[in-house]
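Trainee: Here is the input, now give the coordinates:
(one chain, ligands or ions: 1)
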Amino acid sequence: MAANGKKVLIAGGGVAALEAALALRDLAADRVDVELLAPEPHFWYRPLSVAAPFELGETTRFELDGLARELGASFTLAGLTGIDEWRHVAYTSTNKQIPYDVLLVACGALPFPAVPGALTFRGPADIERIQGLLEEIVSGDVHSVAFVIPWGAVWSLPAYELALLTSAYLQDRGIQGVELTLVTPEAEPLQLFGAPASQATRALLDENGVAIQAGAYAGTFADGELELIPDGSLHADRVVALPRLQGAPIDGLPQTVYGFIPVDAHCRVDGVSDVLAAGDITSFTVKQGGIAAQQADVAATAIAAEAGADVVPTSFRPVLRGLLLTGREPRYLRRELGFEPEQDAVASYEALWWPPAKIVGRYLAPFLASHAGTGVTPSLSELPSGAIPLEVEFDRDVLDELRPEQLVSGYDADDHDPGVSELMSSDPVVVAPEDTVGEAAERLLARGATAAAVAESGRLIGILTISDLVRASAMRVHPAEGRARQWMTAEPVTVTPKTSVAAAAFLARQYGIRHLPVVEGDRPVGMLHLDEALQQAGVPLGLGLS
Ligand SMILES: Cc1cc2nc3c(=O)[nH]c(=O)nc-3n(C[C@H](O)[C@H](O)[C@H](O)COP(=O)(O)OP(=O)(O)OC[C@H]3O[C@@H](n4cnc5c(N)ncnc54)[C@H](O)[C@@H]3O)c2cc1C
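Mentor: Next up is the predicted model:
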């Protein structure tokens, strides 16, 4: 630990936090003084929890206190609840105030049920429930199971793994006639990894008798029917769904409607000085350990350079790598996520990185390999060979397609629906991100409005509602100090003037929101207050969505 180094507070004790602490030890050990802050005393290695119900792997945990000591860092058991940007102080769940020079937010994301009525698989906590389901299948009580990937920010691989592992489990026991279906909003299976992986995965599912329902948004599961949006349903005795992820609220930081934090290419939080973020808590759509580790490395170079180390800050250039557990052969999947891929798509049967851990981190994977036995970094000799490494051009549209906004994009106003332009307030209150919360409150009050669009250079970047201002006030934020940027909902869900009211209502329901900024391009042109609009509209909430 550096005696008079920069005080770096890392909020989190997961993949991104540990990778960042390891990177800082390598890049600037004599210039930084690192403290880890997490509400849970262990680091959990979760990926193999998917295999645990099938007795093919186990989850492993490590004491954070010991890991921190080994890294020359200190560890405090508490959660980050907010920050005071001006005083450079972090507030904790134990009512402590921790001063920092630089804060790295690496708090991960929390899993919430996405499909009412389904068994939600979050990881280690749900291993026994999957085992219970397997027992029901084996005893003949359950004949059909759907595995669901919900829309939004998720890591989809575990759903494929659960389906394939279930199939292998049943084949090994000679059990036939059980219908397994994978339901996904992706147009193709594992679409994110590119066409070759999609084809390989489709073939794999087919070989193993797992049907696929692609391009499907799952609604509610009740009475043996899984609702599919916008139309139809699927019969299943049981549904296993991945959770929808959300970031925990952290006062004083811009967050999206699901609590994710927007960052720039160096993982700096937009507009908040000396605060960076990495991992699942950021608004990057893919929530994956390897991506979290890459962001942590980027953040560490920025912090090390600022601390005076001879390091050039790198930019986030995501590479997606995966190891799919199939119950038969693992397949390595790699895809360059960027606009200028270095290589074309390739397929081979060798691991492209080492150790071949499920979570790939430049520092973390070898560190964990040196700390634990087999469960953590399965070697190729323990898993049957087989690999599909991929590098193909990243198409951001793939990520956008998984957002429910995409689902309603074709639903414009018609004779039966007046459309958003008829019901929005067409002269919305617009504030700048640097406006204080006091100024924003004054403007809202003067106009009798309950929400303002936050725009930077004419571009919508957030929405600030009365509830946000109440929250800031409850945190004793001085009206002349707190800024709109810190309290707004960043990257808000939007509609266009042409969107039908029914579609806007669907989005509001899906996201649990009451105001929708209306945009043309990225310019705010209106604000839709859902409660008022729906009262006025008197339209059926159609699309089969209501
Ligand atoms: C079942 C399952 C299988 C997966 N399989 C894979 C896989 O095969 N490959 C892969 O790359 N990824 C996989 N993932 C995803 C991977 O685990 C996550 O993307 C990764 O852990 C994200 O890293 P993180 O550091 O952002 O968050 P996490 O690793 O979740 O760590 C978050 C940390 O922050 C702490 N924390 C929470 N709230 C606060 C707070 N308020 N203040 C301070 N600390 C806080 C938590 O206690 C925890 O220590 C899987 C996930 C699951 C659930």
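
Trainee: Do you know the pLDDT at the residue of the stretch 401-546 of the chain found nearest the ligand?
Mentor: Closest to the ligand within the stretch 401-546 of the chain is Met475: 15.2 Å, counting by Cβ to the nearest ligand atom. Quick note: C-beta positions are derived from backbone N, CA and C, even for glycine. With respect to pLDDT, Met475 has a value of 84.

Trainee: what does Val429 give?
Mentor: Listed pLDDT for Val429 reads 97.

Trainee: Apart from its chain neighbours, what residue comes closest to it?
Mentor: Ala452 (4.0 Å; Cβ to Cβ, 6 or more residues apart in numbering).

Trainee: Go ahead and list the helix or strand containing the one you found.
Mentor: Element membership for Ala452, per DSSP states H and E: strand 451-456.

Trainee: Of all the residues in the stretch 51-200 of the chain, which one is nearest the ligand?
Mentor: Nearest residue of the stretch 51-200 of the chain to the ligand (Cβ to the nearest ligand atom) works out as Gly108 at 2.6 Å.

Trainee: I figured that residue hits Asp280, correct?
Mentor: Yes. In this structure Gly108 lies within contact range of Asp280 using Cβ atoms under 8 Å: 4.7 Å.

Trainee: Neighbour count for the two, which is higher?
Mentor: With neighbours defined as other Cβ atoms under 10 Å, Gly108 and Asp280 compare such that Asp280 has more, 27 against 22.

Trainee: Can you tell me the SS state at the more buried one?
Mentor: coil (DSSP: H, G, I helix; E, B strand; the rest coil).

Trainee: Check the spacing between it and the ligand real quick.
Mentor: Here Asp280 is placed at a distance of 4 Å from the ligand (Cβ to the nearest ligand atom, to the nearest Å).

Trainee: Skipping its backbone neighbours, what lies nearest that residue in space?
Mentor: Spatial nearest neighbour of Asp280, excluding adjacent residues (Cβ to Cβ, 6+ apart): Ala109 at 3.9 Å.

Trainee: Count the neighbours of the one you found for me.
Mentor: Applying other Cβ under 10 Å, we find 24 residues neighbouring Ala109.

Trainee: Quick one: neighbours of the residue nearest to Val115 when sequence neighbours are not counted, just the number.
Mentor: Closest residue to Val115 apart from its sequence neighbours, by Cβ to Cβ, 6+ apart: Ala241 at 4.0 Å. Neighbourhood size, Ala241 [other Cβ under 10 Å]: 25.

Trainee: Ala241 is in contact with Val148, isn't it?
Mentor: Yes. If you go by Cβ under 8 Å, Ala241 and Val148 touch, sitting 4.0 Å apart.

Trainee: Report the set of residues contacting both of those two.
Mentor: Residues touching both Ala241 and Val148 (Cβ atoms under 8 Å, 6 or more residues apart in numbering) are Ala114, Val115, Ala118, Ala159, Ala218.

Trainee: and those residues, which of them are in strands?
Mentor: Cross-referencing the shared contacts of Ala241 and Val148 against strands under DSSP state E gives Ala218.

Trainee: Derive a ChimeraX selection command for the buried subset of the shared contacts of Ala241 and Val148.
Mentor: Command for ChimeraX that selects the buried part of those, burial taken from 16 or more other Cβ atoms under 10 Å:
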select :114,115,118,159,218
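
Trainee: give me the low-pLDDT residue ranges for the protein?
Mentor: Within the chain, the stretches with pLDDT under 70 are 1-4, 47-48, 57-58, 153, 323-359, 372-411, 413, 415, 534-546.

Trainee: and it, which residues reach the ligand?
Mentor: Contact residues, the chain versus the ligand (Cβ under 6 Å from any ligand atom): 11-17, 37-40, 46-47, 49-50, 79-80, 106-108, 123, 155, 157-158, 248, 279-281, 287-290, 292, 358-359.

Trainee: ok, 5 Å please
Mentor: Counting by Cβ under 5 Å from any ligand atom, the residues of the chain close to the ligand are 11-16, 38, 40, 46-47, 49, 79-80, 106-108, 123, 155, 158, 248, 279-280, 287-290, 292, 358-359.

Trainee: Just the buried ones from these, in PyMOL syntax?
Mentor: Only the buried entries of the residues of the chain next to the ligand go into this PyMOL selection, using 16+ other Cβ under 10 Å:
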select buried, resi 11+12+13+14+15+16+38+46+47+49+79+80+106+107+108+123+155+158+248+279+280+287+288+289+290+292+358+359
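
Trainee: Strands - which of the residues of the chain next to the ligand land there?
Mentor: Counting by DSSP E, those place Ala11, Ala38, Leu80 in strands.

Trainee: what's near enough to touch the closest residue to Arg202 other than its chain neighbours?
Mentor: Excluding its sequence neighbours, the residue lying closest to Arg202 (Cβ to Cβ, 6+ apart) is Pro189, at 5.3 Å. By Cβ under 8 Å, 6+ apart, the contact list for Pro189 reads Tyr160, Leu182, Ser198, Thr201, Arg202, Leu205, Ile212, Ala214.

Trainee: Pick the one among the residues you listed closest to Phe316.
Mentor: Ranked by distance to Phe316 (Cβ to Cβ), those are led by Ser198 at 24.8 Å.

Trainee: next structured bit after the helix or strand harbouring the closest one?
Mentor: Assigned by DSSP H and E, Ser198 belongs to helix 195-207. Note on helix 195-207: by DSSP H and E, the next helix or strand toward the C-terminus is strand 210-213.

Trainee: ok, that following strand: who's next to it in the sheet?
Mentor: strand 179-183 (parallel) (DSSP bridges).

Trainee: could I get the partner strand in CSV with only the CA atoms?
Mentor: Provided in CSV are the C-alpha atoms of strand 179-183 (Å, rounded to 0.1, in the frame of the first residue of the first chain):
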residue,chain,number,x,y,z
GLU,A,179,-40.4,-31.2,-24.6
LEU,A,180,-37.6,-28.6,-24.0
THR,A,181,-37.9,-25.2,-25.7
LEU,A,182,-35.7,-22.2,-25.6
VAL,A,183,-37.5,-18.8,-25.8
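
Trainee: Identify the residues contacting that strand?
Mentor: Strand 179-183 is contacted by residues 143-149, 159-160, 163, 166-167, 189, 205, 209-213, 216, 218, 226, 228, 234, 236 when judged by Cβ under 8 Å, 6+ apart.

Trainee: Just the buried subset of those, written out for PyMOL, thanks.
Mentor: Entered in PyMOL, the line below selects the buried ones among the contacts of strand 179-183, by 16+ other Cβ under 10 Å:
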select buried, resi 144+145+146+147+148+149+159+160+163+166+167+189+205+210+212+213+216+218+226+228+234+236
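
Trainee: Excluding chain neighbours, what is closest to Ala11?
Mentor: Per Cβ to Cβ, 6+ apart, closest to Ala11 is Leu80, 3.9 Å.

Trainee: Might you report the residue contacts of the closest residue to the ligand within the stretch 251-400 of the chain?
Mentor: Relative to the ligand, the nearest point of the stretch 251-400 of the chain is Gly279 (2.2 Å; Cβ to the nearest ligand atom). Taking Cβ under 8 Å, 6+ apart, we find Gly279 in contact with Gly12, Gly14, Val15, Ala16, Ala17, Ala106, Cys107, Gly108, Ile291, Ala292, Gln295, Ala296.

Trainee: Val145 - that's part of a strand, no?
Mentor: Yes. Applying three-state DSSP, one finds Val145 inside a strand.

Trainee: unless I'm mixing things up, it is touching Ile137, no?
Mentor: Yes. Taking contacts as Cβ under 8 Å, Val145 lies within contact range of Ile137: 7.1 Å.

Trainee: Tell me the residues that contact both of these two, please.
Mentor: Common neighbours of Val145 and Ile137 (criterion: Cβ under 8 Å, 6+ apart): Thr166, Val178.

Trainee: what's Leu64 in contact with, if anything?
Mentor: Applying Cβ under 8 Å, 6+ apart, we find Leu64 in contact with Gly13, Leu36, Ala38, Glu40, Pro41, His42, Phe43, Phe75.
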